[in-house]
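J.: Have a look at this prediction, sequence included:
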Amino acid sequence: MFFVLRRIVLTVFGLLVAGLLVFLYQKRYVVQPVFDYYALWHASRAMEKAYMGELTGQATAVMSGDLFQVRGRDGLNYNFRLAGIQAPQRSLASSKELQRLASLSKSNLASLVLSNQVKVAFTYMSEFHGGVGLAYVNETNNVNARMLEAGLAWINTNGLKALPLRDQYTLVLAERNARQQQLGGWKDVPDFPKPAANP
């Protein structure tokens with residue numbers, strides 16, 4: 001009698017677990033942020049990264065879809081690459097579609113930053129005034145995320161690891177939204193990079 005009761009309880013428990021797994025699979029978009037945070041945490045080994053500093057100034061030039069120049073308050077020019085993302089480069093483009101996308105990416109970055117006050121929270125700054133960081137216009141408009149959301153750039157996993165976890169997650173979400181909505185390079189550009197399985 002005890003073995004029959006035990007078998008019934010285990011069967012019911014197994015069916016409940018199986019039902020829960022099926023439900024979670026069907027509603028995976030609800031639990032996706034948990035998996036994203038875990039993947040990012042695991043990749044960065046839970047070390048909280050910090051920015052080296054901040055620089056505020058006027059954006060004066062855009063060289064490509066992920067590289068621009070800022071004139072700091074000290075009057076010096078600083079070149080910044082957008083951290084955690086990579087945009088197509090016109091000179092390296094292997095197709096007409098990718099060349100067009102590279103030009104569009106550069107134009108989009110120019111419309112976001114050019115002639116605006118830009119704050120750059122940088123993770124690296126060289127002695128030659130070149131750096132890598134997150135750019136903000138109006139203190140809250142994350143330029144790196146806007147480029148990803150437009151589908152005009154993709155995640156650079158090596159650069160992503162240098163950012164704090166919350167900023168990594170913001171960029172991962174921005175790229176996922178562009179991919180799901182088939183924006184920019186995610187729509188009909190065969191040479192556009194495919195995302196890595198785990199950022």
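T.: Good, I have the coordinates. Residues are numbered from 1 along each chain as shown.
J.: Could you list the buried residues of stretch 159-167?
T.: Gly159, Leu160, Lys161, Ala162, Leu163, Pro164, Leu165, Asp167 (16 or more other CB atoms under 10 Å). No exception for glycine: its C-beta is placed from N, CA and C like everyone else's.
J.: who does the biggest strand by length in the chain pair up with?
T.: The residue-count maximum for a strand in the chain (DSSP state E) belongs to strand 53-64. Neighbouring strands of strand 53-64 in its sheet, by DSSP bridges, are strand 67-72 (antiparallel), strand 117-125 (antiparallel).
J.: Can you give me the buried ones in that strand?
T.: Neighbour counts using 16+ other CB under 10 Å place Leu55, Gly57, Ala59, Val62, Ser64 of strand 53-64 among the buried residues.
J.: What lies in contact with it?
T.: Strand 53-64 has contacts (CB atoms under 8 Å, 6 or more residues apart in numbering) with 68-73, 77-79, 87, 89-90, 102, 105-106, 109-110, 113-122, 125, 131.
J.: Recalculate using a threshold of 7 Å.
T.: Strand 53-64 is contacted by residues 68-73, 77-78, 87, 89, 106, 109-110, 113-122, 125 when judged by CB atoms under 7 Å, 6 or more residues apart in numbering.
J.: per-domain residue ranges of this protein.
T.: Annotated domains of the chain cover 2-44, 53-186 [automatic domain parsing].
J.: Average pLDDT for the shortest one, rounded please.
T.: Averaging pLDDT along domain 2-44 yields 79.
J.: if we can go back for a sec, indicate which one of the domains of the chain is closest to Pro193.
T.: In terms of CB to CB, the element of the domains of the chain nearest to Pro193 is domain 53-186, at 5.0 Å.
J.: Between the two ends of the closest one, how far is it?
T.: For domain 53-186, the first-to-last residue distance is 33 Å (CA to CA, to the nearest Å).
J.: Show the average pLDDT along it.
T.: 90.
J.: State which helix of this protein is the longest.
T.: Secondary structure of the chain per DSSP state H: the longest helix is helix 2-26.
J.: List of residues touching it?
T.: Helix 2-26 has contacts (CB under 7 Å, 6+ apart) with Val31.
J.: need the buried residues of stretch 159-167 in a markdown table with distance to Ala145, can you?
T.: Listed next are the buried residues of stretch 159-167 as a markdown table, based on distance: CB to CB, whole Å:
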| residue | distance to Ala145 |
| --- | --- |
| Gly159 | 14 |
| Leu160 | 12 |
| Lys161 | 17 |
| Ala162 | 16 |
| Leu163 | 11 |
| Pro164 | 14 |
| Leu165 | 15 |
| Asp167 | 9 |
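J.: From the residues you listed, pick the one nearest Glu97.
T.: For the buried residues of stretch 159-167, the residue nearest Glu97 by CB to CB is Gly159; the value is 24.3 Å.
J.: thinking the closest one is in contact with Leu82, fair?
T.: No: at 8.5 Å, Gly159 does not count as touching Leu82 under the criterion of CB atoms under 7 Å.
J.: All the strands of this structure, residue numbers only.
T.: According to DSSP E, the strands that the chain contains are 53-64, 67-72, 77-82, 85-86, 117-125, 130-137, 141-142, 154-155.
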